[in-house]
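*Asks:* everything below, folded, please.
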Amino acid sequence: MVLAIGGMQAARAQGAGSPESLIQQVTGEVLTAIKADPSVQSGSPQRLLQLVDQKILPYVDFEKTTRLAAGRYWRQATPEQQKALVKEFRTTLVRTYSGAVSSVKQQTAVELRPSHYPADATDVVVKTVIKQPVGDPIPVDYRMEKAGQGWKIYDVNVLGVWLIENYRNQFSQQIGQNGVDGLIKSLAERNAAFR
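*Replies:* Below is the predicted model:
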């Protein structure tokens, strides 16, 4: 695994319980697993899903992500609809993360970029850049919230597009046309098509 020296220094400076150290830990574990597992490198859907489930999902707050993506419609949804929406959106995001993981190459490195926020902040943005041997570096930023003794990711920005904002626009249109149940049904159908 190759992590940039600047990223390692930033994590040390922030301390073991910092959001930067969590991102460094997770990206490091994911890169190491990808590089060590030929079935992941060959794109095995089951192995990719397993890797995402084990190494990424424990650090994601899917309820907050879903609530923010649903926007004002979240409050209008019944508890049952909210639960179903979280379940289907989680599956959608797992597929998305698995697709991203499948494109990682042996020489991929993740470098932490400087992040500035108050020491007592409970909601932060951790900035990284993904470097591969071919192509431009890809900026990836993580919105994170303090959760108990650790941190949870609730939004990701790739190439200037925040995941929640992107889905909020899609969800708003779908709910406006078909209601919350229509959105849940649409997500479930798309998820079933990829199983």
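
*Asks:* what's the closest non-adjacent residue to Thr27?
*Replies:* Val110 (4.2 Å; CB to CB, 6 or more residues apart in numbering). Where you see a C-beta, it was placed from the backbone N, CA and C, and this is true even at glycine.

*Asks:* wait, is the one you found part of a strand?
*Replies:* Yes. Assigned with DSSP: H, G, I helix; E, B strand; the rest coil, Val110 falls within a strand.

*Asks:* measure it to Ser102 for me?
*Replies:* When CB to CB, to the nearest Å is the yardstick, Val110 and Ser102 sit 16 Å from each other.

*Asks:* tell me which of these two has more neighbours.
*Replies:* More neighbours sit around Val110 than around the other of Val110 and Ser102, counting by other CB atoms under 10 Å; the figures are 23 against 18.

*Asks:* and that one, what's its pLDDT?
*Replies:* Reported pLDDT at Val110 in the predicted model: 90.

*Asks:* can you give me the strands in the chain?
*Replies:* Assigned by DSSP state E, the chain shows strands spanning 109-112, 123-131, 138-147, 150-158, 161-162.

*Asks:* what's the closest of those to Leu22?
*Replies:* strand 150-158 (5.1 Å; CB to CB).

*Asks:* by contact count, what packs against the top helix by length along the chain?
*Replies:* Secondary structure of the chain per DSSP state H: the longest helix is helix 163-193. Helix 163-193 sits against helix 62-70, helix 73-76, helix 79-102, strand 150-158, with contacts defined as 3 or more CB pairs under 8 Å, 6 or more residues apart in numbering; DSSP states H and E.

*Asks:* can you name every helix or strand that the first one contacts?
*Replies:* What that stands for is helix 62-70. Packing contacts for helix 62-70, counted by 3+ CB pairs under 8 Å, 6+ apart, involve helix 79-102, strand 150-158, helix 163-193.

*Asks:* can you redo those as a markdown table with distance to Gly71 and mean pLDDT?
*Replies:* Compiled in a markdown table, the helices and strands packed on helix 62-70 are given as follows (distance: least, CB to CB, whole Å; pLDDT from 0 to 100):
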| stretch | distance to Gly71 | mean pLDDT |
| --- | --- | --- |
| helix 79-102 | 12 | 90 |
| strand 150-158 | 13 | 94 |
| helix 163-193 | 5 | 95 |
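
*Asks:* pick the most deeply packed of the ones you listed.
*Replies:* Each of the helices and strands packed on helix 62-70 was assessed for mean neighbour count using mean count of other CB atoms under 10 Å. The highest is strand 150-158, with a mean of 20.

*Asks:* so what touches it?
*Replies:* By CB atoms under 8 Å, 6 or more residues apart in numbering, the surrounding residues in contact with strand 150-158 are 17-19, 22, 59-61, 64-65, 68, 125, 138-145, 162-164.

*Asks:* try it again at 7 Å.
*Replies:* Defining contact as CB atoms under 7 Å, 6 or more residues apart in numbering, one finds that strand 150-158 is touched by 17, 19, 22, 59-61, 64-65, 138, 140-145, 162-164.

*Asks:* noted, bye for now.
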